[in-house]
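*Asks:* Turn this into a structure:
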Amino acid sequence: MAVTVDTPDTRTRILAEAIDAFGTRGYAAVSLDDLAEVLGVRKQTVLYHFGSKAELFEATIDSAIGDLGQTLIAAGTGRTGWPAVEAVVHAVFRIAVRQPARLGILREVMRLGGEWSARATRAMEPTIARARLFLSLEMRRGHMRQTDPNLLLVSAYSTVMGVATEVEVLRAVGIEPNLREAVRRRRELLKFLEAALR
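*Replies:* Numbering: from 1, shown residues only. Coordinates of the predicted model:
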């Protein structure tokens, strides 16, 4: 039987464990009982902080996407042109290597669809709008080649999500999901973006 430990950071601990669990195993494979056991708390403690499994999952969506957006904005702030693009790509791959479950949440949400997918889309919109505006302005200023910013963003997103969260697909095509391969994939994405933008 789990011991209830309700400290001020209990909510934070629950959220962190839920991000890891949902982001690596998926929504259906994770139970509140499992989370409570790993955390050393009662299921009722989890439900005290998050009223249901769905509410907890929504909190993981908000946290993962919020952190991702802040990281990307911080990486690009104060930079223009190609250095900003490089900084953002490096930041995304740092997350992919150090906190893959955060990107796994995004993958799981899009796989599940419905209201959760709509919630994620709404949460990502400010970051996407900022990236779209940045690319459009840089293209108008002549710092980057004219191309469709939306298509470029979708291509970069798909590449990052695929190489960061689809371990089975990577192995199927002969790529081992390790640090060396992540660095190589980051270099390849930068080459792709450079060819599209310069």
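*Asks:* What helices and strands are in contact with the one helix or strand residue 24 maps to?
*Replies:* Element membership of residue 24, judged by DSSP states H and E, is helix 10-25. For helix 10-25, the packing partners by 3 or more C-beta pairs under 8 Å, 6 or more residues apart in numbering; DSSP states H and E come out as helix 32-39, helix 43-49, helix 53-76, helix 100-112. (C-beta placed from N, C-alpha, C; glycine too.)
*Asks:* show me what contacts the residue nearest to residue 58 when sequence neighbours are not counted?
*Replies:* Leaving aside its sequence neighbours, residue 58 sits nearest to residue 119 (C-beta to C-beta, 6 or more residues apart in numbering; 6.6 Å). Taking C-beta atoms under 8 Å, 6 or more residues apart in numbering, we find residue 119 in contact with 58, 61-62, 109.
*Asks:* One more: residue 104?
*Replies:* So residue 104 contacts 22-24, 165 (C-beta under 8 Å, 6+ apart).
*Asks:* what residues does the helix or strand where residue 180 lies touch?
*Replies:* Taking DSSP H and E as the definition, residue 180 sits inside helix 179-197. Contacts of helix 179-197 with the rest of the structure, by C-beta under 8 Å, 6+ apart, involve 82, 85-86, 89-90, 93, 96-97, 135, 144-145, 147, 152, 155-156, 159-160, 163-164, 170, 175.
*Asks:* quick revisit: and the two most separated of the contacts of residue 104?
*Replies:* 22 and 165 (12.3 Å; C-beta to C-beta).
*Asks:* Which one's more surrounded, these two?
*Replies:* Between residue 22 and residue 165, counting by other C-beta atoms under 10 Å, residue 22 is the more crowded of the two (25 against 22).
*Asks:* So for that one, what's the pLDDT?
*Replies:* Per-residue pLDDT puts residue 22 at 98.
*Asks:* Now for it: which residues touch it?
*Replies:* 30, 57, 60, 101, 104-105, 108 are the contacts of residue 22 under C-beta under 8 Å, 6+ apart.
*Asks:* what about it, distance to residue 31?
*Replies:* 11 Å (C-beta to C-beta, to the nearest Å).
*Asks:* Same check on residue 115?
*Replies:* For residue 115 relative to residue 31 (C-beta to C-beta), the value is 21 Å.
*Asks:* Equivalent analysis for residue 55, please.
*Replies:* Taken as C-beta to C-beta, the span from residue 55 to residue 31 is 15 Å.
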